[in-house]
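K.L.:
Sequence and predicted structure are below.
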Amino acid sequence: MVKSAYIHIPFCKSKCHYCSFISFDKLELKKDYLKKLEQEINTYYSGEILNTLYFGGGTPSILEVEEFANIIAHFNMSKDTEVTAELNPDGHYGKDEISQGLTFAYLRGLYDVGINRISLGAQTFDDDLLKQINRRHNSKQIIQAVENAQKAGFRNISLDFIYGLPNQSAGMFFDDLQKAIKLGVQHISLYGLSIEEGCYFYNHNPQNLPDDDEQADMYLGAIELLTSNGFEHYEISNFSLPDYNSKHNLNYWNNEEYYGFGVAAHGYTNDIRYGNKETIEDYIQNPTDHKFEKFETQKDKLEEEIFLGLRKMSGIDIQKINNKFNIDFENKYLIALKKYEGLNLLKKTKQGYAFTPNGVLVSNTILSEFID
Ligand code: SF4
């Protein structure tokens, strides 16, 4: 039974310099897009009570409160359903196109229509760095957004940060995290800057990037700082106070099925992984036609179970894997397990295996040994 749904809102008013996500500034297509999104939901959603619903982007905060409400009304939920919206701190724009930040009225509206978790793309509190990466907000707007959200009733607030930015020192990054802790948020996600083809930085070669060793020091220092302040490091990039793990993301890492709705959204239902059309125009023409579909073999499922499961700091449960796939995990992967345990990059846990903090730094190399 599918228990999670992801909804992609593919609009952004401008492009951040590190971003290669699928997003467009064609706001004039928003109304048509939302109509087609409803058509896709009506076609595929079978009425299960959802554990999680997640609005990602792009920029979901481009939607009006009523537009969120219309989409939410399509789903069956319980009082425990986690409903997350990713929001940008520059928020919401009036008809005059001036940023209004994330106002109390807007956030209270979101809370009243059932959104109970927000994830803010803070990235850093350093105003110069925010300009250099072409974010539209400033540090004051992040603080206002968190304070307004707290006043509006939100008790589950997440902030995203990027480390390894041009001209960013470890001290500057740790200062960002201290400010986040002080604001009293429940969840923090950290992403190392990675410059992929298609983004502005890829073509414009930013100067003064911290090297790999400095990035590694930032990551390891962040683990120490956050865990010593009561945060659980529960996934490679994610930290939360007790009981505030992201249920939606845990669904992915537990290799469970989910719906993906909207442009370029990916989903996994009835043993099929699928991806949607990647331009708004193509999607509007036929929102129920997937760009690709791939049937998952047992081998695919096993590899994904390992690949995704090891992202969790609690690691994988080998008894569960042995039962599910009818294998002897430790025998099948004996060489890789011994090698990385010996190097102190993987560790044995009560239930199976997990990365050590140093193992996380080379996780891609280790994971490649579990995949044919
Ligand atoms: S990083 Fe987020 S806000 Fe910035 S352009 Fe990409 S999708 Fe839009």
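P.N.:
Okay, I see it.
K.L.:
Show me what stretch 334-352 is in contact with.
P.N.:
Applying CB atoms under 8 Å, 6 or more residues apart in numbering, the external contacts of stretch 334-352 come out as 314-321, 329-330, 353-356, 358-359, 362, 366, 369-370. Every C-beta, even on glycine, is put in place using the N, C-alpha and C of the backbone.
K.L.:
7 Å instead, please
P.N.:
315-319, 330, 353-356, 358-359, 362, 366, 369-370 (CB atoms under 7 Å, 6 or more residues apart in numbering).
K.L.:
Spell out which residues of the stretch 201-350 of the chain are next to the ligand.
P.N.:
Proximity of the stretch 201-350 of the chain to the ligand, by CB under 6 Å from any ligand atom, involves no residues.
K.L.:
In the stretch 201-350 of the chain, what residue lies closest to the ligand?
P.N.:
Scanning the stretch 201-350 of the chain for proximity to the ligand using CB to the nearest ligand atom identifies Ala264 as nearest, at 11.0 Å.
K.L.:
What sits closest to that residue if chain neighbours are left out?
P.N.:
The shortest distance from Ala264 to any non-neighbouring residue, by CB to CB, 6 or more residues apart in numbering, is to Ile22 (4.1 Å).
K.L.:
related to what we said a few turns ago, for the residue of the stretch 201-350 of the chain closest to the ligand, report the pLDDT, please.
P.N.:
If you check Ala264, the pLDDT there is 97.
K.L.:
tally of neighbours for it?
P.N.:
By the measure other CB atoms under 10 Å, the count of residues near Ala264 is 20.
K.L.:
my guess is it contacts Asn276, does it?
P.N.:
Yes. With contact defined as CB atoms under 7 Å, Ala264 counts as touching Asn276 (5.8 Å).
K.L.:
before we move on, the earlier item: any idea of the pLDDT on the residue nearest to Ala264?
P.N.:
Note for Ile22: predicted pLDDT of 86.
K.L.:
mind listing what the closest residue to the ligand within the stretch 151-300 of the chain touches?
P.N.:
For the stretch 151-300 of the chain, the residue closest to the ligand is Cys199, as judged by CB to the nearest ligand atom, at 8.6 Å. Applying CB under 7 Å, 6+ apart, we find Cys199 in contact with 17-20.
K.L.:
Any idea how far the strand ranked longest in the chain is from the middle of the chain?
P.N.:
Counting residues, the longest strand found in the chain (DSSP state E) is strand 76-87. Centroid displacement of strand 76-87 relative to its chain, using CA atoms, centre = their mean, to the nearest Å, is 15 Å.
K.L.:
Now the helix or strand following it: average pLDDT?
P.N.:
Later in the chain than strand 76-87, the nearest helix or strand by DSSP states H and E is helix 104-112. Averaging pLDDT along helix 104-112 yields 97.
K.L.:
who's in contact with helix 104-112?
P.N.:
Helix 104-112 is contacted from outside by 65, 68, 85, 91-92, 148-149, 151-154, using CB under 7 Å, 6+ apart.
K.L.:
and those as CSV, adding distance to Ile162, neighbour count and secondary structure?
P.N.:
Shown next, in CSV, are the contacts of helix 104-112 (distance: CB to CB, whole Å; neighbours: other CB atoms under 10 Å; DSSP: H, G, I helix; E, B strand; the rest coil):
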residue, distance to Ile162, neighbour count, secondary structure
Val65, 29, 18, helix
Phe68, 26, 22, helix
Ala85, 20, 25, strand
Gly91, 20, 23, strand
His92, 23, 21, coil
Asn148, 23, 19, helix
Ala149, 21, 24, helix
Lys151, 27, 11, helix
Ala152, 26, 20, helix
Gly153, 28, 12, coil
Phe154, 23, 20, coil
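K.L.:
can you pull out the helices in the stretch 151-300 of the chain?
P.N.:
Ranges of helices in the stretch 151-300 of the chain, per DSSP state H, counting those that start in this stretch, are 170-183, 200-204, 212-227, 247-253, 280-285, 298-309.
K.L.:
Quick check: the two most widely separated of the contacts of helix 104-112?
P.N.:
The largest separation in the contacts of helix 104-112, counting by CB to CB, is between Phe68 and Lys151 at 19.0 Å.
K.L.:
Would you point out which residue is most central in the protein?
P.N.:
Asn249 (7.1 Å; CA atoms, centre = their mean).
K.L.:
which residues does that residue contact?
P.N.:
For Asn249, the contacting residues are 235, 238, by CB under 7 Å, 6+ apart.
K.L.:
Give the helix, strand or coil label for the residue lying closest to Asp80 once chain neighbours are set aside.
P.N.:
Leaving out its chain neighbours, the residue that sits closest to Asp80 by CB to CB, 6+ apart is Asn51, at 7.5 Å. Taking DSSP: H, G, I helix; E, B strand; the rest coil as the rule, one finds Asn51 in the strand state.
K.L.:
Just the endpoints, please. Distance across stretch 158-169?
P.N.:
From its first residue to its last, stretch 158-169 covers 23 Å (CA to CA, to the nearest Å).
K.L.:
What residues of it count as buried?
P.N.:
For stretch 158-169, burial by neighbour count (16 or more other CB atoms under 10 Å) applies to 158-166, 168.
K.L.:
Is Phe125 in contact with Lys179, as I believe?
P.N.:
Yes. Contact status for Phe125 versus Lys179: in contact at 5.1 Å, counting by CB under 7 Å.
K.L.:
Just want to know which of those two has more residues nearby.
P.N.:
Neighbours per residue (other CB under 10 Å) separate Phe125 from Lys179, with Phe125 holding more: 22 against 17.
K.L.:
about what we covered before: next, find the distance separating the residue of the stretch 151-300 of the chain closest to the ligand from Ile118.
P.N.:
Applying CB to CB, to the nearest Å, the value for Cys199 to Ile118 is 25 Å.
K.L.:
before we move on, what about Ala145?
P.N.:
From Ala145 across to Ile118, the span is 8 Å (CB to CB).
K.L.:
Before I go, just wanted to say thanks for your time.
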